[in-house]
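*Asks:* I would like the atomic coordinates for the input below:
(chains A and B)
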2 protein chains.
Amino acid sequence: MEEALSSAMDEIARLVGVTHVLRGEAAARWSGDWAGHRRWQPLAVARPGDTGEVAALVRLANRHRLPLVPVSGNTNLVKGTVAEGALMVSLDRLSEIREIRPAARVAAVGAGVVIEALNTALAAHDLMFPLSFGARGSAMVGGVLSTNAGGANVLRYGNTRDLCLGIEAVTPTGEVMHLMGALHKNNSGYDLRHLLIGAEGTLGIITAAMLRLVPRPRAQATAMVALPSLDAALGLLNRLQDETGGAVEAFEYMPASFLRALLRQFPEMRPPFDTMHAVNVLVELGARAPRDVTPDATGQVPLAAHLEGVLAALWDEGHVLDAVVAKSEAQRAEMWARREASAHVLRARSPVVEGDIAVATDRVATLVARTGAACRALDPGIEITGVAHLGDGNLHFVGWPSRPDAALCAELSRAVETEAVALGGSFSAEHGIGLSKLGAMTAHKDPVALETMRAIKAALDPNGILNPGKLLPKG
Amino acid sequence: MEEALSSAMDEIARLVGVTHVLRGEAAARWSGDWAGHRRWQPLAVARPGDTGEVAALVRLANRHRLPLVPVSGNTNLVKGTVAEGALMVSLDRLSEIREIRPAARVAAVGAGVVIEALNTALAAHDLMFPLSFGARGSAMVGGVLSTNAGGANVLRYGNTRDLCLGIEAVTPTGEVMHLMGALHKNNSGYDLRHLLIGAEGTLGIITAAMLRLVPRPRAQATAMVALPSLDAALGLLNRLQDETGGAVEAFEYMPASFLRALLRQFPEMRPPFDTMHAVNVLVELGARAPRDVTPDATGQVPLAAHLEGVLAALWDEGHVLDAVVAKSEAQRAEMWARREASAHVLRARSPVVEGDIAVATDRVATLVARTGAACRALDPGIEITGVAHLGDGNLHFVGWPSRPDAALCAELSRAVETEAVALGGSFSAEHGIGLSKLGAMTAHKDPVALETMRAIKAALDPNGILNPGKLLPKG
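*Replies:* This next block holds a predicted model:
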């Protein structure tokens, strides 16, 4: 056994080069998760330099029956890269932007390209890859595809899968699949791209992708708005979408409970309004057409004027309590800083119960009410907060229970997911399953769908090599 | 054998009711394809009344090892519903619009709902399901999902898969899978919805869907434009997208050869211009925001003014040869009538070589040149025409060979597909594979992808019951 492992390690070192095989302290960056939930000891971390080396590693893992965990930016939030005793394959060296084609608005990129680095390269062409979330400075293409990352701009641009036209991937048995077309129409068999996107590395390792690009907005109009209710907020969203022809890029809900926690943790930050309101929304419009940014006869910029006009009309009608439109990039940055601090604020206390849940946009208010009631019934002393991508129905529920009781936390977590599912919603909106949500998969996923997934996994990965134990609960 | 079959037929009749089992003349509507390429004799056509009956039929087919061909509107163009000796399962009775939720902009509909009927129902809410192609008056939800139908509006709204948030489906072994959420974010395991969409009924029977709706445009601005080249046309497209913030809904290419064939077949139609130009485009913008349709101080409607302004500027620069903007709904209808007659014009002559091919938008001009050259090299007397969804890169190539020679036609067809693939394109853009493109699948599809598809098919449909022989060439 020892000898077999040692021989496998020698093979790996010959394959990717000895400097690209890391163990012990050198592998520390890959031996724990971003949120600090878990540490683990991988067998080793191999950093292949190209797709061929990735494929060879997977074939080797099949021969030696080594479990293999793919990783890129390692910003996963659901223990999707836990790799105790497994060989980790880091895609970070596949960091080449292979091609940018501005006329076709596509880019071919390796799995190790950091989202923010891609956008820096695209800025020269006035284009962008419109995926926006807190970890964009370290998350990589391979990871965002494998987890179908979402974020704040989904209501305008879709999830990662909607932004990907083609992939190159290594199968669980170590063959390379070339599906890198830059095509808007291609009905030639099962859509394996969509099968691998969001599969969390259990059905293949995505090594490169052909990504859709969009023009950078010519300008943004950004505001903080206080509203009397979540339903009033949905009314504002629909009104803005109608008035602007769908220019809303972000629509982020921050309850008073979140703002209070934020100000406690970051006393240097300012509250959005002098009065604390229960329902606050950060809204951002993106200007696409020149006339949206060309001042009219009165000197007003149409996009900002639109936003102010709609807010003023709703204020007159009592549907808006207060609002402030950013007058400078610094004011806009301050608005976003509050929202982007949420990853730190919401995880600063322990114990914590988190729910990454979603419902249709017309049911968010009900979801907030019901999750709150269900949790208070279990723990009257619980503090409830969270933030939401209100424009796409995704609520990041956070509860701080009154006492550190693991059984209570588990029960609260189940209650939150159950309420989402009861409203036709998802118990896992954008973070995925990993190890963290396996119980919820068993409890809530359609059983026929689960059996179908297991059949696909068994057919494509007969040796159970790729990211074993993740995503799919045991049957 | 005879006895077993007769017992199966009795079971089917008991299951769906004897009036819903059709054979012989009564099944004529399902015994041939729309384009008239093929007639066949199904064992019978069963018309189940609900999802439970569909599932029971599939279980019965597994017990009796009956091949089963799902069908809805039967407008397929690639022999996807050929059912010689097979049991056809028609979804046409699943025609209920279960729910329309205007605030969430979704509708839950049965597989038998006709696309045009859905849009009629949605008009009352100022919403639409934005899939637009010639057969929309008979094509049904089940079919457009199973084939991932495209059409003229893909550049703005995407293909059918982009317009579907959830499905209900019967698996190849006769179980019902409930994935009908109206969610914009749902990362809970493999995306089986996308696996079944476009699978042409070989991996499951879609019985219902949760569809995305969009606001109906407040108005359209439509024009016919003659240009000096296809590259100039792409320039017009990008300029219009930039100027209007992405309001182009259709961008349809019609070469002179097509217009001449159209006028020969329909002498009552008028040519778009007094002079016949080589490159003609039908362009349509859709207005979303009120200010796009509110006349300005000079009485001009902004959207139409935009279109005219861009065309005038490009005319001044020599990038547009001629243009006419529709001044009435009747003029707009006349423009579209030319384009929509293409299904009749392009199939009116025999022999005919058709290619449903696609490349990235920046390569269409090259594709047109190379397919033409390749075909003329094989048959100097060939007449070449076609139309294209230029905005998404999809060319409907048509060649009329100089002589009725089946071997030549096959060679021409292969040459057309080969040129598309050589440019990184697809040999099957929007019509799918069916039986017609099996040879091209073998020749051009990534072999690792093909093997992966076969493994999935074998795992999910162990008895090979669902639409056997379609989509996947034998290994």
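
*Asks:* would you mind writing the CA trace of the lowest-mean-pLDDT helix or strand in chain A as PDB?
*Replies:* Least confident helix or strand, chain A: helix A:342-346 with a mean of 87, by mean pLDDT, DSSP states H and E. Provided in PDB are the C-alpha atoms of helix A:342-346 (Å, rounded to 0.1, in the frame of the first residue of the first chain):
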ATOM      1  CA  SER A 342     -21.900  41.100   4.300                       C
ATOM      2  CA  ALA A 343     -19.600  38.100   3.900                       C
ATOM      3  CA  HIS A 344     -17.600  39.300   6.900                       C
ATOM      4  CA  VAL A 345     -20.600  40.700   8.900                       C
ATOM      5  CA  LEU A 346     -22.800  37.600   8.600                       C
END
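
*Asks:* what's the closest non-adjacent residue to residue A:475?
*Replies:* Spatial nearest neighbour of residue A:475, chain neighbours left out: residue A:454 (5.7 Å); criterion: Cβ to Cβ, 6 or more residues apart in numbering or on different chains. Where you see a C-beta, it was placed from the backbone N, CA and C, and this is true even at glycine.

*Asks:* host element of that neighbour?
*Replies:* Assigned by DSSP states H and E, residue A:454 belongs to helix A:447-460.

*Asks:* now that helix and helix B:447-460, what's the angle there?
*Replies:* 130 degrees (axes from the mean of the first three to the mean of the last three Cα atoms, to 10 degrees).

*Asks:* what about helix A:447-460, average pLDDT?
*Replies:* Taken as a whole, helix A:447-460 has a mean pLDDT of 98.

*Asks:* ditto for stretch A:292-301
*Replies:* Mean pLDDT, computed over stretch A:292-301, is 76.

*Asks:* buried residues in whichever helix or strand comes after the least confident helix or strand of chain A?
*Replies:* Downstream of helix A:342-346, the next assigned helix or strand under DSSP H and E is strand A:353-358. Neighbour-count burial for strand A:353-358 flags A:353, A:354, A:355, A:356, A:357, A:358 (criterion: 16 or more other Cβ atoms under 10 Å in any protein chain shown).

*Asks:* now these in TSV, please, with extra columns for pLDDT and distance to residue A:27.
*Replies:* As requested, the buried residues of strand A:353-358 are arranged in TSV below (pLDDT from 0 to 100; distance: Cβ to Cβ, whole Å):
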residue	pLDDT	distance to residue A:27
A:353	96	31
A:354	94	27
A:355	96	32
A:356	97	28
A:357	98	34
A:358	98	35
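
*Asks:* from those residues, which are also near chain B?
*Replies:* residue A:358 (Cβ under 8 Å from any Cβ of the partner chain).

*Asks:* between the buried residues of strand A:353-358, which sits nearest residue B:128?
*Replies:* When the buried residues of strand A:353-358 are compared for distance to residue B:128 (Cβ to Cβ), residue A:358 wins out at 24.7 Å.

*Asks:* who's that closest one bridged to?
*Replies:* In this entry, residue A:358 is beta-bridged to residue A:394, residue A:426, by DSSP bridges.

*Asks:* ok, it - contacts?
*Replies:* Residue A:358 is in contact with A:392-395, A:420, A:425-426, A:429-430, B:183-186, counting by Cβ atoms under 8 Å, 6 or more residues apart in numbering or on different chains.

*Asks:* over to residue A:276?
*Replies:* Residues in contact with residue A:276 (Cβ under 8 Å, 6+ apart) are A:256, A:259, A:260.

*Asks:* closest to chain B among these?
*Replies:* When these are ranked by distance to chain B (Cβ to the nearest Cβ), residue A:259 comes first, at 23.8 Å.

*Asks:* what residues of the least confident helix or strand of chain A count as buried?
*Replies:* Neighbour counts over helix A:342-346 (16+ other Cβ under 10 Å) mark A:342, A:343, A:345, A:346 as buried.

*Asks:* just give the nearest non-adjacent residue to the first one, would you?
*Replies:* Nearest non-adjacent residue to residue A:342, counting by Cβ to Cβ, 6+ apart: residue A:387, 4.8 Å away.

*Asks:* give me the secondary structure label for that neighbour.
*Replies:* Here residue A:387 is strand, with the state taken from DSSP: H, G, I helix; E, B strand; the rest coil.

*Asks:* buried ones in the longest helix along chain A?
*Replies:* Criterion DSSP state H: the longest helix present in chain A is helix A:406-422. Within helix A:406-422, the residues that count as buried by 16+ other Cβ under 10 Å are A:408-409, A:411-421.

*Asks:* if you count contacts, what does it end up packed against?
*Replies:* Secondary-structure packing of helix A:406-422 (3 or more Cβ pairs under 8 Å, 6 or more residues apart in numbering or on different chains; DSSP states H and E): strand A:353-358, helix A:364-378, strand A:394-400, helix A:438-444.

*Asks:* I'd like the ones you listed written out as CSV, with distance to residue A:78 added.
*Replies:* Shown next, in CSV, are the helices and strands packed on helix A:406-422 (distance: least, Cβ to Cβ, whole Å):
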stretch, distance to residue A:78
strand A:353-358, 8
helix A:364-378, 19
strand A:394-400, 13
helix A:438-444, 9
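
*Asks:* give me whichever of these is most buried.
*Replies:* strand A:353-358 (a mean of 26; mean count of other Cβ atoms under 10 Å in any protein chain shown).

*Asks:* quick revisit: want to throw the buried residues of helix A:406-422 into CSV with pLDDT?
*Replies:* Shown next, in CSV, are the buried residues of helix A:406-422 (pLDDT from 0 to 100):
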residue, pLDDT
A:408, 98
A:409, 97
A:411, 97
A:412, 98
A:413, 97
A:414, 97
A:415, 98
A:416, 98
A:417, 98
A:418, 97
A:419, 98
A:420, 98
A:421, 97
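
*Asks:* tell me which two in the residues you listed are the farthest apart.
*Replies:* Distance extremes for the buried residues of helix A:406-422: the farthest pair is A:408 and A:421 at 20.4 Å, using Cβ to Cβ.

*Asks:* ok, the most centrally placed residue in chain A - contacts?
*Replies:* Geometric centre of chain A, nearest residue: residue A:149, 3.3 Å, by Cα atoms, centre = their mean. Taking Cβ under 8 Å, 6+ apart, we find residue A:149 in contact with A:131, A:133, A:139, A:143, A:159, A:160, A:430.

*Asks:* repeat that for 7 Å
*Replies:* A:131, A:133, A:139, A:160, A:430 (Cβ atoms under 7 Å, 6 or more residues apart in numbering or on different chains).

*Asks:* alongside chain B, which residues does the stretch 351-475 of chain A contribute?
*Replies:* Counting by Cβ under 7 Å from any Cβ of the partner chain, the residues of the stretch 351-475 of chain A close to chain B are A:358, A:360-362, A:392-394, A:424-433, A:441, A:445-446, A:448-449, A:452-453, A:455-456, A:458-460, A:471.

*Asks:* filter these to the buried ones?
*Replies:* Buried subset of those (neighbour count, 16+ other Cβ under 10 Å): A:358, A:360-362, A:392-394, A:425-433, A:441, A:445-446, A:448-449, A:452-453, A:455-456, A:459-460, A:471.

*Asks:* how close does residue A:397 get to chain B?
*Replies:* To chain B, residue A:397 is 14 Å away according to Cβ to the nearest Cβ, to the nearest Å.

*Asks:* any idea of the pLDDT on that residue?
*Replies:* 97.

*Asks:* doesn't residue A:357 make contact with it?
*Replies:* Yes - Residue A:397 is within contact range of residue A:357, at 6.1 Å (criterion: Cβ atoms under 7 Å).

*Asks:* pull up the overlap in contacts between these two.
*Replies:* Here residue A:397 and residue A:357 share the contacting residues residue A:416, scored by Cβ under 7 Å, 6+ apart.

*Asks:* what sits closest to the residue of the stretch 351-475 of chain A found nearest chain B if chain neighbours are left out?
*Replies:* Going by Cβ to the nearest Cβ, chain B is nearest to residue A:459 of the stretch 351-475 of chain A, at 3.6 Å. Closest residue in space to residue A:459, ignoring its immediate chain neighbours: residue B:459 at 3.6 Å, by Cβ to Cβ, 6+ apart.

*Asks:* how's chain A carved up into domains?
*Replies:* Chain A breaks down by automatic domain parsing into domains covering A:2-90, A:97-215, A:224-325, A:349-430.
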